[in-house]
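**Student:** what would the 3D arrangement of this be:
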Amino acid sequence: MQKVTIICVGKLKEKYLKDAVSEYAKRLRTLCKFEVIEVDEEKISDNPNSSQISHILECEGKRILSKIDSSMSVMAMCIEGKQMGSEKFAEYFSNMAISGKSSLAFVIGGSWGLSDEVKKKADYRLSMSEMTFPHQLARVMVCEQIYRAFCINSGTKYHK
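**Tutor:** Next up is the predicted model:
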């Protein structure tokens, strides 16, 4: 059984987002070993300068990297990544399983994104869209797409 981990910065604040992630987590736990690991978000002023943003990315990046183990295939969710459709995403899961990679980690940064070190550690960089989404909503979207991938691969009607 594949292990799927989402490593993300910050805690969900809105109840509707928590409820959505909980629902997908419940569904996913029947299909894989699923967990969400939250690392602390750095505090920041309302109008940070570039040096403060770099410091935040570095601190959050170190926390993220401490949660990644060597057995994980890492997918960084970042704006400069490549986009893929749901079917291609499902194929990615199948290919990982076939190649013996049974542990997948999806990394979602905080408001300012991911550090260069985290991006370098990633086996793949994925962009969800050319649009910008709040990082907390991204967690729900990643959970849904992971669930959809398992459904596509098992031939259930959810994807239709």
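**Student:** and the next helix or strand past the longest strand along the chain?
**Tutor:** Across the chain, the longest stretch assigned as strand under DSSP state E is strand 73-82. Downstream of strand 73-82, the next assigned helix or strand under DSSP states H and E is helix 86-98.
**Student:** what's that following helix packed up against?
**Tutor:** Applying 3 or more CB pairs under 8 Å, 6 or more residues apart in numbering; DSSP states H and E, we find helix 86-98 packed against helix 135-154. All C-beta atoms are positioned from the backbone trio N, CA, C, and that covers glycine.
**Student:** try it again with 10 Å
**Tutor:** Helix 86-98 sits against strand 73-82, strand 103-108, strand 124-126, helix 135-154, with contacts defined as 3 or more CB pairs under 10 Å, 6 or more residues apart in numbering; DSSP states H and E.
**Student:** residue 128: what secondary structure?
**Tutor:** With DSSP: H, G, I helix; E, B strand; the rest coil as the basis, residue 128 sits in coil.
**Student:** list the contacts of the nearest residue to it once chain neighbours are set aside.
**Tutor:** Nearest non-adjacent residue to residue 128, counting by CB to CB, 6 or more residues apart in numbering: residue 141, 6.0 Å away. Contact analysis of residue 141 by CB atoms under 10 Å, 6 or more residues apart in numbering lists 20, 24, 77, 108, 128-129, 133.
**Student:** likewise residue 12?
**Tutor:** Applying CB under 10 Å, 6+ apart to residue 12 gives the contacts 18-22, 36, 38, 136-137, 139-140.
**Student:** which of those residues has the weakest pLDDT?
**Tutor:** Among those, residue 136 has the lowest pLDDT, at 89.
**Student:** and that residue, how many neighbours does it have?
**Tutor:** 20 (other CB atoms under 10 Å).
**Student:** do you know how far it is from residue 108?
**Tutor:** Counting by CB to CB, to the nearest Å, the gap from residue 136 to residue 108 is 9 Å.
**Student:** list the residues that contact both of these two?
**Tutor:** 8-10.
**Student:** ok so, going back, distance of the residue nearest to residue 128 from residue 69?
**Tutor:** Counting by CB to CB, the gap from residue 141 to residue 69 is 25 Å.
**Student:** dump the residue contacts of the residue nearest to residue 119 when sequence neighbours are not counted.
**Tutor:** Beyond its immediate neighbours in the sequence, the residue positioned closest to residue 119 (CB to CB, 6+ apart) is residue 76, lying 5.2 Å away. Residue 76 is in contact with 7, 64, 105-109, 113-115, 118-127, counting by CB under 10 Å, 6+ apart.
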